[in-house]
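**Student:** For reference, the sequence and a predicted model appear below.
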Amino acid sequence: MQYYEIGTWAVLGLITGSFVNVCLERLPLQFADKEKRSHLLTSPETSTFLKQYIRDQTLSLYNPARSFCFSCGHQLRWFENIPLFSYLMCGGHCRKCNAAIGIKTISTEALHGLWYAVMGWFLHGWILPLTFSITFSFLWILGHCWNCQQLRKTLFFAGAILLILNFGAYSY
Ligand SMILES: [Zn+2]
């Protein structure tokens with residue numbers, strides 16, 4: 001295995017980790033039940049910007065298309081969206097309102113980069129490492145969103161499809 005191939009797996013992991021972070025931020029709000037929504041709407045910790053999204057129930061993985069700060073609504077520019085680098089460059093804070101981004105964001109990205117690189121390194125070909133990597137990302141999301149009941153049901157459905165994919169990869 002060449003170094004550039006391992007590097008490619010690491011970059012793929014970092015990009016996926018970045019997407020996983022979007023899932024972890026948005027999915028629990030998108031799938032929040034009535035009780036959780038009303039709790040968030042009355043909580044002083046929820047920003048006015050976010051309350052608008054929760055009230056309209058318009059937040060999803062694709063809306064808004066660009067990542068934004070959950071505290072002030074600042075839309076992230078391209079250079080604020082680079083995995084690991086942006087977090088370190090901004091010192092783990094929003095460039096506009098200085099709200100803390102949280103260590104979970106960078107650890108998700110770093111561990112994804114590491115896991116994808118290790119899978120690419122140890123496993124042959126690309127099907128097995130890719131399957132193991134996607135499974136890792138899925139379990140990461142499932143683990144972090146376990147408490148959200150509605151979302152858990154949807155994730156179990158996605159998990160069943162992933163399981164079939166895994167069997168396909170093993171028999172390949
Ligand atoms: Zn902000």
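**Tutor:** Now that the structure is in, tell me what you want to look at.
**Student:** what helix or strand does the spatially closest residue to I134 that is not a sequence neighbour sit in?
**Tutor:** In space, I134 comes closest to L162 once its chain neighbours are excluded; the distance is 7.0 Å by CB to CB, 6 or more residues apart in numbering. Every C-beta, even on glycine, is put in place using the N, C-alpha and C of the backbone. With secondary structure defined by DSSP states H and E, L162 is part of helix 149-171.
**Student:** Report the buried residues of that helix.
**Tutor:** Of the residues in helix 149-171, those with enough neighbours to count as buried (16 or more other CB atoms under 10 Å) are L151, L155, L162, A169.
**Student:** so is the residue positioned nearest the centre of the chain in a helix, a strand, or just coil?
**Tutor:** Nearest to the mean C-alpha position of the chain, by CA atoms, centre = their mean, lies V20 at 1.6 Å. Each residue gets one of three states, and V20 gets helix by DSSP: H, G, I helix; E, B strand; the rest coil.
**Student:** wait, it sits on L139?
**Tutor:** No. When contacts are counted by CB atoms under 8 Å, V20 is not listed as touching L139 (10.6 Å).
**Student:** wait, what's in contact with G13?
**Tutor:** Counting by CB atoms under 8 Å, 6 or more residues apart in numbering, G13 makes contact with H112, G113, L114, W115, Y116, A117, S133.
**Student:** which residues in the chain form helices?
**Tutor:** Under the criterion DSSP state H, helices of the chain are mapped to 3-30, 34-42, 48-56, 85-89, 103-122, 127-144, 149-171.
**Student:** per-residue confidence for M1?
**Tutor:** Each residue has a pLDDT score; the one for M1 is 58.
**Student:** What is the burial count for the closest residue to P28 other than its chain neighbours?
**Tutor:** Closest residue to P28 in three dimensions, ignoring its sequence neighbours and counting by CB to CB, 6+ apart: C148, at 4.6 Å. Under the neighbour criterion other CB atoms under 10 Å, C148 is assigned a count of 19.
**Student:** What of A117?
**Tutor:** Using other CB under 10 Å, A117 has 22 neighbouring residues.
**Student:** Now for it: which residues touch it?
**Tutor:** For A117, the residues meeting the contact criterion (CB under 8 Å, 6+ apart) are I6, G7, W9, A10, G13.
**Student:** Try it again at 6 Å.
**Tutor:** Applying CB atoms under 6 Å, 6 or more residues apart in numbering, one finds that A117 lies in contact with I6, W9, A10.
**Student:** what do you get for E80?
**Tutor:** When contacts are counted by CB under 6 Å, 6+ apart, E80 is found next to S86.
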